[in-house]
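> prediction below, plus the sequence it came from.
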Amino acid sequence: MNCQDAQALLRTLSCGEATPADRAALEAHAAGCPACRQRWQGEEAWLALVAQRRPAPVSDAALAQARQALHRALAAEPAPAARGGWRWPAFSAGAVSRQWAPRWSPAWAALLLIAGFGGGWWAHHAPSLTAGSPAAAAQVRVQTVEPASAPGQVRVVYDLVRQQQISGPATNPRLRHLLLLAASQPANAGMQLESIAALRPAASQNPVRRTLLAALTGDPNPGVRLEALNALRPLVTANAGVRAALAQVVLRDPNPGLRMQAVAALAQAPRADAGRWLRRLSVQSSDPYVRLNCVAAMQQLDLAPPAAAWGAFTAQPAPASGIQRQ
């Protein structure tokens, strides 16, 4: 176990989900790692303090008052000013950038007040909903229902979900953001295929390439994985990361057709790099057809397959040929 694994176990332990085996492994690591031992001791001390401070029970009246204070604070928040149309928030490695971070305000203070009470809500400025109005055609999601301040009245908080569309070249930043989202949704393979096809001209750009690599190595649909492979094929010559992902497909993908396509794509790499990958895969792969295709690709590149690759097909020595051994 390394320190990173120990940190993950500490988080599991703090949630009360660690097994006796997890705790034993953590103890063994902490015995020889002063830094992790100190973190563990601090975590145990913090959990002990939390266990001593039991929150007082909250009455229904106090909860209703806190929610009403939140909604009043949200209603007082100014709507964001339009700046030349909608601007997509920027994401980086799963974290929202600072430009989209919420401002501290009374509304957020009220949110913190009731966060521990489990109230679900959605911050927005909902227009009034009347029969026959344009808003009535939108999908409605009710978030909370609670007593209003006046006797005999009720307050309903809801949000409206409207369907929108956009068209234009795939180079449009807004469109590309949507295409990257669509390409990462396994629930709709048809939408993924269309999105990947549209993104193919931009495959060399980092966000697009990362999305295609994730689809190639992890999507459950073999058609989507094949589409991602074809989109990445032009990058095989210049990008070592793409070649490594293709080698992973050769060794692990459950679809035999995809494994063969990955071998063919690797054969397009620079000769020295292609030979290195094909030699390795011709020995490591458990699929005899993959090994045979690796041998055939090496012969086309005038490279000598390793003896172990020949051993998969015949007990005889490798046939003599004019292949130059590298």
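Looks like it arrived, so ask away.
> okay, CA-based contacts and neighbour counts for the rest of this
Noted.
> can you show me the strands along this structure?
With strands called from DSSP state E, the chain shows them at 91-92, 95-96, 139-147, 154-161.
> return the most buried member of these.
strand 154-161 (a mean of 15; mean count of other Cα atoms under 10 Å).
> could you give the angle of that strand to strand 139-147?
Interaxial angle, strand 154-161 versus strand 139-147 (axes from the mean of the first three to the mean of the last three Cα atoms, to 10 degrees): 160 degrees.
> partners of strand 154-161 in the sheet?
Using DSSP bridges, the strands paired with strand 154-161 in its sheet are strand 139-147 (antiparallel).
> low-confidence bits of the stretch 1-150 of the chain, can you list those?
Applying pLDDT under 70 to the stretch 1-150 of the chain flags residues 15-17, 50-51, 53-56, 58, 60-61, 63-64, 67-68, 71-72, 74-138.
> ends of stretch 197-206, what's the gap?
Distance between the boundary residues of stretch 197-206 (Cα to Cα, to the nearest Å) amounts to 17 Å.
> which outside residues touch it?
170-171, 176, 179, 208-209, 212, 227, 231-232, 235 (Cα atoms under 8 Å, 6 or more residues apart in numbering).
> can you list the residues you listed in JSON lines and add neighbour count and distance to V290?
Conversion of these to JSON lines gives the following (neighbours: other Cα atoms under 10 Å; distance: Cα to Cα, whole Å):
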{"residue": "A170", "neighbour count": "18", "distance to V290": "36"}
{"residue": "T171", "neighbour count": "13", "distance to V290": "37"}
{"residue": "R176", "neighbour count": "19", "distance to V290": "36"}
{"residue": "L179", "neighbour count": "21", "distance to V290": "33"}
{"residue": "V208", "neighbour count": "22", "distance to V290": "29"}
{"residue": "R209", "neighbour count": "21", "distance to V290": "26"}
{"residue": "L212", "neighbour count": "29", "distance to V290": "23"}
{"residue": "E227", "neighbour count": "20", "distance to V290": "20"}
{"residue": "A231", "neighbour count": "23", "distance to V290": "22"}
{"residue": "L232", "neighbour count": "24", "distance to V290": "20"}
{"residue": "L235", "neighbour count": "19", "distance to V290": "22"}
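> quick one: which of these sit in helices?
Applying DSSP state H to the contacts of stretch 197-206, the entries found in helices are 176, 179, 208-209, 212, 227, 231-232.
> A66 is nearest to which of the strands of the chain?
strand 139-147 (11.3 Å; Cα to Cα).
> number of nearby residues for S59?
8 (other Cα atoms under 10 Å).
> for L70, see how far away it is.
Using Cα to Cα, which is the criterion applied here, S59 is 17 Å from L70.
> where do the helices sit along the chain?
Taking DSSP H to define them, one finds helices in the chain at 3-14, 20-32, 34-52, 60-76, 106-115, 173-183, 189-199, 206-218, 222-232, 240-252, 256-266, 271-284, 288-300, 307-310.
> give me the helices and strands touching the second one, please.
Packed against helix 20-32 by the contact rule (3 or more Cα pairs under 8 Å, 6 or more residues apart in numbering; DSSP states H and E) you find helix 3-14, helix 34-52.
> which of those helices sits closest to Q163?
Smallest distance to Q163 across these (Cα to Cα): 39.6 Å, for helix 3-14.
> who touches that closest one?
When contacts are defined by Cα under 8 Å, 6+ apart, helix 3-14 is touched by residues 18, 22-23, 26, 29, 36, 40, 43, 47.
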